Structure formats: C-alpha cells, structure tokens
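1. Sequence first, then the predicted structure, then my questions.
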Amino acid sequence: MTTQSFHPPERTLMGPGPSDVHPRILEALSRPTIGHLDPVFVEMMEEVKGLLQYAFRTENRLTLPVSAPGSAGMEMCFVNLVEPGDQVIVCKNGVFGNRMQENVERCGGTAILVEDEWGSPVDPAKVEEALKANPDAKVVAFVHAETSTGAQSDAATLCGLAREHGCLTIVDTVTSLGGTPVEVDAWGADAVYSGTQKCLSCTPGLSPVTFSERAVEAIGNRKTKVQSWFLDLNLVMGYWGNEGGAKRAYHHTAPINPLYALHEALVILREEGLENAWARHARMHEALKAGIEAMGLSFFVDEAHRLPQLNSVTIPEGVDEARVRSRLLEQYNLEIGAGLGPMAGKIWRIGLMGHSASATNILNCLGALDAVLS
Ligand code: PLP
C-alpha cells in the first residue's frame, strides 16, 4: 500500500463536468474547518441560501444545497413529491430523463413517458397530449439542459402547461444553472435541482435545490412517510432552517469545507452578475463554434436548441474517437467528453462551463484538436 500523497495533474476540463474549479474556490476549501452548528457557520449557511436564491432567480424560502451530488438533489425532489401510486409524466430525451423514470418507479409511482429523439428538446405538444390523456397525473418531470446531448428544452412553456393542468413540476437544471437562464419563479417551477460542478465551477458533491410553496404544501399533505431518511425534507429543514438560526438541530454533519467552496463560487457568480455569466457562456460558444466549423466539423444539435455550455460535435467518419480523447489528455492535459449511451462513438461533448468558458481554453482546445486530427 502506498504511503505517498496523491497529486493530480493539472488538467483543463472541457468535458460535461466537472469543469475547471476557480483557484479562489480551491483556496476556500482549505480554510479552517469549524463546527456545523457554530454560529459563524450558521451565518454562512444563511448567505448560501440567499446566494442560491439569486442564482435560481427565486424567492422560494426552501432553497438549500443538499449534502451530496446532483443525483441526490434529483432523488430529493422525487422522494418528497412522489408517493406510491402517483402518476408522473416523465420527459425523456437523453440519459437523465431515463434516470428520472428510475426515480419515479423506485418511489412506487407510475411513469408516463413522453419521448423525444436524443438531441431534440422536449416537445411541449406531446407533453400537453399526455396531460390531457392523464388527468390524474401529479407531476411533470423534465431536464432543462440535457448533458448527454447538449439540447435545451423550453422550461417556461413546459412549466406553464403543467400548471394549467394542475400538476407540479420537477426540473433538472444541473447543467444550466449559472450558464443559461434559469428562472425558477418566472417559470413557475416547483422542485428544481442542480449541481455544483458544472457552470458554478465548484467542486462536485453538492446539489442546490429549491421548492415552491406549492411543493412545500404537497409535501405537507403526504399520506406516507418519505422513504429516504437522509433526503426527507421535513428532517433536513430542521438543520437548514426556514427562518434563521434559532431552532437548528443536528440532522447530519454538513460538508463544512465544500460549503465554503460553494459560498465562494456563488460570491464569484454574484460579482460577475448572472446575466453577464449567461452572456459570457453565449459568447464563448460562438467563438468555439467558429473554430469547430472552420475545421470542417459540425454540431449534433440544431442551433435553436443548442446549449452554449455543452457542445456536441459530430465525430467525423473514420476517426478513432477514443484515441483522439486519450491523446488530448496525454499530450495536452485537456479533457473532453465522450458520447453517452446511444451517442457513444457518435459525438464528442465539449464543455464550456463556468470557469472553463474562457477564450484561452477555447484557443487551446481548438489548437489541440486540430493537431490531433491532422
Ligand atoms: N442531471 C444532469 C442533467 C446531469 O448532467 C448530471 C451529471 O452530469 C446529473 C443529473 C447527476 O449529477 P451528479 O453526477 O452530480 O450526481
């Protein structure tokens, strides 16, 4: 067994996440660990909640980071809102829609599937049809930014349709938060989760979530106990508190230093300004696109539905795609992503997320890709 410390290489992360972590965030991680009920820490928790409200564009009081990765935020939304026997309309246009279906079924609910081609957005007309055909449906669940393809769906329209039919919504914004507009209150979304390792450029392992008053009411009206003790919002709230510090009680030991990191990531976002961050991602996408197209390569997703932060590039005929990725990693310390599931071997996924969405990274990536492909 080794007795040596682990020192990872310095990579440039331009895959589907994690993205490059800002040095200020890495520094924040190394600050002294204090107790999870220390009044100073509790004050910082309140700031994190306020900063997350800013990032999600919401006034929702129930806004907090789950102490686990994006998949746990997803699971928190499903286990709290879906009870055995509930019908949930699940929109599937990539890997993460599949995972939503798994969640519904594991909660004892019935998933009513609305399927679209991988690379296309969720079709609101199909969702409307499903809502009309299933008047008892309780929830509509969809992924705003499908990381497996790079397609963005129209969250405002989908949430509006769900509301018209008396349904709650569960929305995945893991890849969108901080990169493209996420407007929780304007959309009227009910349960929204994200991740820290994409456009927030924080380390992986935390999942910001936010719940509307309608969602809180639905959780309060449950007939059964939430099957997950760890993710039961009624219990987690006891620690994160709705109104402030006074009544907080131990639920689990919070990941203290990762929360310093998230705080720093959100301060950086606030300094830049949310709209400026969205504009930077859009500008960087345009720059990457110019270079990719100049190399004779093309994008997998239609321009109208393309995510600036996740660029799916079609792999040219006859190219050994895995060899390209491994050469980029070995020779240029550059990570880009492979295709997932049915997209394996068909696309590369080039991330421009958070701190990774910079002109320097784009120039390095285009230069390295050109060298490896020629
Ligand atoms: N949802 C989407 C759209 C994602 O891209 C990811 C991760 O890539 C997840 C959920 C799961 O997040 P995590 O890997 O942090 O558990």
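-> Received the coordinates, thanks. Residues are numbered from 1 along each chain as shown.

2. and for the helix or strand harbouring residue 293, what are the contacting residues?
-> According to DSSP states H and E, residue 293 maps onto helix 274-294. Identification of contacts with helix 274-294 by C-beta atoms under 8 Å, 6 or more residues apart in numbering yields 54-55, 57, 178-181, 199, 269, 272, 298-299, 306, 308-309, 311, 313, 350, 352-353, 357-359, 362, 365-366. For the C-beta atoms, the positions are set from N, CA and C on the backbone; glycine is no exception.

3. in terms of contact, does residue 120 touch residue 93 like I think?
-> Yes. Using C-beta atoms under 8 Å, residue 120 makes contact with residue 93 at a distance of 5.9 Å.

4. between those two, what contacts are shared?
-> With C-beta under 8 Å, 6+ apart, residue 120 and residue 93 have common neighbours residue 151.

5. more crowded one of the two?
-> More neighbours surround residue 93 than the other of residue 120 and residue 93, with 25 against 16 (other C-beta atoms under 10 Å).

6. which residues of the stretch 201-350 of the chain fall in helices?
-> Using DSSP state H, counting those that start in this stretch, the helices of the stretch 201-350 of the chain run over residues 213-220, 233-240, 256-272, 274-294, 321-332.

7. returning to that earlier point: which ones among the contacts of helix 274-294 lie within strands?
-> Residues of those located in strands (DSSP state E): 311, 313, 350.

8. Spit out the contact partners of the nearest residue to the last one once chain neighbours are set aside.
-> In other words, residue 350. Distances taken as C-beta to C-beta, 6 or more residues apart in numbering place residue 311 nearest to residue 350, at 4.4 Å, with adjacent residues excluded. By C-beta under 8 Å, 6+ apart, residue 311 lies in contact with 150, 285, 288-289, 292, 299, 349-352.

9. Report pLDDT for the closest residue to the ligand within the stretch 151-300 of the chain.
-> Per C-beta to the nearest ligand atom, residue 174 is where the stretch 151-300 of the chain lies closest to the ligand, at 3.6 Å. With respect to pLDDT, residue 174 scores 98.

10. same thing with residue 239?
-> For residue 239, pLDDT reads 88.

11. Near the ligand, which residues of the protein? Just list them.
-> Applying C-beta under 6 Å from any ligand atom, we find that the chain lies next to the ligand at 16-17, 69-71, 74, 96, 143, 147, 172, 174-175, 195, 204.

12. switch the cut-off to 8 Å
-> 16-17, 68-74, 94-96, 99, 143, 145-148, 172, 174-175, 193, 195-198, 204-205, 207 (C-beta under 8 Å from any ligand atom).

13. Just the ones in helices from those, please.
-> 70-74, 95-96, 99 (DSSP state H).

14. I figured residue 15 hits residue 356, correct?
-> No. In this structure, residue 15 is not within contact of residue 356 by C-beta under 8 Å, at 9.0 Å.

15. So which of the two has more stuff around it?
-> Counted by other C-beta under 10 Å, residue 15 and residue 356 do not tie: residue 356 has more neighbours, with 27 against 22.

16. For the more buried one, give me its contacts.
-> 12-14, 19-20, 201.

17. Let's see that with 7 Å instead.
-> Contacts here follow C-beta atoms under 7 Å, 6 or more residues apart in numbering; on that basis residue 356 touches 13-14, 19-20.

18. Same check on residue 215?
-> 81, 168, 190-191.

19. Out of those, which sit inside strands?
-> 168, 191.

20. From the contacts of residue 215, keep the buried residues only.
-> 81, 168, 190-191 (16 or more other C-beta atoms under 10 Å).

21. For those residues, name the two members farthest from one another.
-> Farthest apart among the buried ones among the contacts of residue 215 by C-beta to C-beta are 81 and 190. That separation is 7.8 Å.

22. quick revisit: turn the contacts of residue 215 into TSV, including pLDDT.
-> Shown next, in TSV, are the contacts of residue 215 (pLDDT from 0 to 100):
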residue	pLDDT
81	98
168	98
190	98
191	98
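
23. wait, which of the contacts of residue 215 is closest to residue 229?
-> Using C-beta to C-beta, the contacts of residue 215 come closest to residue 229 at residue 81, 16.8 Å.

24. tell me the contacts of the closest residue to residue 327 other than its chain neighbours?
-> Nearest residue to residue 327, sequence neighbours excluded (C-beta to C-beta, 6+ apart): residue 372, at 4.8 Å. Residues in contact with residue 372, defined by C-beta under 7 Å, 6+ apart, are 324, 327-328.

25. list the buried ones in the one helix or strand residue 372 maps to?
-> Using DSSP H and E, residue 372 sits within helix 359-373. Using 16+ other C-beta under 10 Å as the test for burial, helix 359-373 gives 361-362, 364-366, 368-369, 372.

26. And for stretch 335-355?
-> For stretch 335-355, the neighbour count (16+ other C-beta under 10 Å) marks 335-340, 343, 347-355 as buried.

27. in this protein, what secondary structure element scores lowest on mean pLDDT?
-> helix 233-240 (a mean of 90; mean pLDDT, DSSP states H and E).

28. quick one: that helix to chain centroid distance?
-> Here the centre of helix 233-240 is set off from its chain's centre by 22 Å, with C-alpha atoms, centre = their mean, to the nearest Å.

29. No further queries at this time; thank you.
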